[in-house]
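Participant: fold the following for me, if possible:
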Amino acid sequence: MIKEISAEALRKDFPIFERTIRAKKLVYLDNAATSQKPIQVISKIEEFYKMHNANIHRSVHLLSYEATVEYEEAHKKVAKFINANSWQEIIFVRNATEGINLIAYSLCLNRLKEGDEIIIAISEHHSNLVPWQFVARKTGAKLKYIDINDDYTLSIDNYKKLLTERTKIVSVGHVSNITGIINPVKGIVSLAKEVGAITIVDGAQGLPHLKVDVQDIGCDFYVGTGHKMCGPTGIGFVYGKKEILEEMEPFLYGGDMIDTVTTEGSTWNELPWKFEAGTANIAGGIGLGAAVDYLSSIGMENVEKIEREITAYALERLSSIKGIKLFTPNKVEGRLGVFSFVVDGVHPHDVAYILDREGVAIRSGHHCAQPLLNRIGADSGTARISTYIYNTKEDIDIAVEAIEKVKSVFKV
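Facilitator: Alright, predicted model coming up:
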């Protein structure tokens, strides 16, 4: 159990912050891309490979039993973390991208037809946009986009106009990876249910930062990814309501997802194994469970408190810099610590390069959200600072000083 809950205290759990970048303190502000990993998660993965490494669900020997128990326990931890009704509603996948594709292939390709409609937001990450373009093209369904308001929030008025009796799928991100805005997913889901639509929430950016209750949200599906929430890469999950998952066809076919196989045909395993074909990322799943344990030990209420404080400070400091444009609301409420910006006269990649020379890691480019960047007039991309539980005010101060150096170098 963590005794002190502060960014400074939590930072000590992350070994990467012991290193320097070109003899400078590492300031890691690329958390929307991936988070750093605490020693508790790293050690758990190491322990698995040292002490319990075996395949699951296949053997009666002790190592296989231990691996199976740990892997299944990780599903239960995730289920509890998001308040799923059953651990059988948690399917492990590689990442949120694969999770959305699983839903698109297994449910939507079989259910949608010409004339049906899919609604997503213009602000979606490509992971929650490109699969729906594919589904629309294959089925003849129409893809519709929720627009944004002048303050970058989703236009609920526009969303209401898009909803019709032909709406079959509504899929939205919990949090924008460009603006940091927390979308009102509970209200969006409620409106979708009035027309009988299936609802999906992309939680990749929300789950690491917010207390998530899928039963309260009311969504049919919620997808998350481990690497943004202190877990390893290559592991994520799909939450789906059990009755819908039981109706769906499998996403992949082969070993472990079957019950019986004959030369005439096959029957499927019970949930969630029906959707987890082949040898799983066992260490990754156990690592995800350890990440859930770590965040739970902090308490998501404390995570939110720490992040509100750093978000407020970062917004204040970044807003004070002359010559930069922030693509984000000028308020702390209803948002997370994601700050996309441009420096007048400087390409975002040049901004990121100079910051890297100062030990500051940020993201530059289109952030897999080109339709939104085109919509807000940032066609060439943006630089992006994104914070997490271990970021301090000193980190922000160093980043601001580095941005001032960018302005000096380019004489802007």
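Participant: show me where the stretch 201-350 of the chain has its helices.
Facilitator: For the stretch 201-350 of the chain, applying DSSP state H, counting those that start in this stretch gives helices covering 214-217, 242-247, 282-298, 300-319, 348-357.
Participant: quick check: which of those helices is buried the most?
Facilitator: Of all the helices of the stretch 201-350 of the chain, helix 282-298 has the most neighbours on average by mean count of other Cβ atoms under 10 Å, namely a mean of 23. C-beta: built from backbone N, CA, C; applies to glycine.
Participant: and of the helices of the stretch 201-350 of the chain, who's closest to Arg19?
Facilitator: When the helices of the stretch 201-350 of the chain are compared by Cβ to Cβ, helix 348-357 sits nearest Arg19, at 14.2 Å.
Participant: show me what that closest one is packed against.
Facilitator: Other helices and strands packing on helix 348-357, by 3 or more Cβ pairs under 8 Å, 6 or more residues apart in numbering; DSSP states H and E, are strand 338-343, strand 363-365, strand 382-386, helix 393-410.
Participant: repeat that with 7 Å
Facilitator: The contact analysis (3 or more Cβ pairs under 7 Å, 6 or more residues apart in numbering; DSSP states H and E) places helix 348-357 against strand 363-365, strand 382-386, helix 393-410.
Participant: buried ones in the first one?
Facilitator: Looking back up the chat, that one is strand 363-365. Judged by neighbour count (16 or more other Cβ atoms under 10 Å), strand 363-365 contains these buried residues: 363-365.
Participant: what distance separates the next helix or strand after that strand from the centre of its chain?
Facilitator: Going down the chain from strand 363-365, the next helix or strand is helix 370-375, by DSSP states H and E. Using Cα atoms, centre = their mean, to the nearest Å, the distance from the centre of helix 370-375 to the centre of the chain it belongs to is 19 Å.
Participant: now helix 370-375: mean pLDDT?
Facilitator: Helix 370-375 shows a mean pLDDT of 97.
Participant: buried sites along that helix?
Facilitator: 372-373, 375.
Participant: now swap in stretch 12-28 and tell me
Facilitator: Quick answer for stretch 12-28 (16+ other Cβ under 10 Å): 13-14, 26-28.
Participant: need the max-distance pair from those residues.
Facilitator: Asp13 and Val27 (17.3 Å).
Participant: now render the buried residues of helix 370-375 as CSV, adding distance to Asp157.
Facilitator: Formatted as CSV, these follow (distance: Cβ to Cβ, whole Å):
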residue, distance to Asp157
Leu372, 18
Leu373, 23
Arg375, 17
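Participant: considering those residues, which is situated nearest to Met51?
Facilitator: Leu372 (45.8 Å).
Participant: I appreciate the help and will end here.
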